[in-house]
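In: I'll drop the sequence and a predicted model, then ask my questions.
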Amino acid sequence: MNDLQTMLSDTANRLFAEKISKEVRISAEEGVWQQTLWQSVEETGLPLVLVSEARGGAGAGWSDALVLLKACGTHAVPVPLAETILAAWFLDQAGIDVPSGPITFGSADLVQSPGGLTTADPMVDVAFADICSHIVAVSPAADGVQVALFADPQSSDRVTTIARESVSQITCKAPAVALGTAPLPRDSVQLFGALARSAAIAGALQSVLLQAVQYAGERVQFG
């Protein structure tokens, strides 16, 4: 790892090990928003790792961010850090300033209404939508993708996945507060979402392996 990757890994793993206890995980699985944990995460600047320095981020690349996303999986981080990292990256790529607080994202068809730009239909299966104050909608465009930022989205039909994460349906009643175009693949939500999830899975598998090895070394059978 390079110096930046080492710093991100050390910072993230130290923070998560200190802040994420068994009680925190149980509380999060019961639907309680972990504000203290999120505040600690935000204070480190980790959500803006992929955002350019001009917009207050670290200006890191994907190879650097994957180290951080892997740590999210290792520690089963119960806040939308991965979602915010990607949402912030989409905004930065489209030339839009990133708001504070947790952000999520998803695919959408954008249409022009009398009140302004909005989504044609509700966005479905949006992770952590019930606790995010902003959502980034990404729509295919002729020259890449359109990226729209919506404030105060309305969530409904909340369910919990096998990973104990909430997903909801999103309706954006108010028009977009910002809009830009990014030179990215039309299926960027699926591509980069899968990339982030793969890194988290790798981290989770590493954690399972370490626990299994530790258990095998400590277990005593028949005295």
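Out: In hand now; what should we look at?

In: which other helices and strands contact the helix of greatest length in the chain?
Out: Secondary structure of the chain per DSSP state H: the longest helix is helix 188-218. The elements that helix 188-218 packs onto, with contact taken as 3 or more Cβ pairs under 8 Å, 6 or more residues apart in numbering; DSSP states H and E, are helix 62-74, helix 81-93, strand 103-107. (Glycine included, C-beta is placed from N, CA and C.)

In: Switch those over to JSON lines; also include mean pLDDT, distance to residue 187 and mean neighbour count.
Out: Output for these, formatted as JSON lines (pLDDT from 0 to 100; distance: least, Cβ to Cβ, whole Å; neighbours: other Cβ atoms under 10 Å):
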{"stretch": "helix 62-74", "mean pLDDT": "95", "distance to residue 187": "16", "mean neighbour count": "22"}
{"stretch": "helix 81-93", "mean pLDDT": "97", "distance to residue 187": "13", "mean neighbour count": "25"}
{"stretch": "strand 103-107", "mean pLDDT": "95", "distance to residue 187": "8", "mean neighbour count": "25"}
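
In: Distance to residue 124 added to the ones you listed, as CSV?
Out: Below are the helices and strands packed on helix 188-218 laid out as CSV (distance: least, Cβ to Cβ, whole Å):
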stretch, distance to residue 124
helix 62-74, 23
helix 81-93, 15
strand 103-107, 8
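
In: Select, out of the ones you listed, the one closest to residue 51.
Out: helix 81-93 (4.5 Å; Cβ to Cβ).
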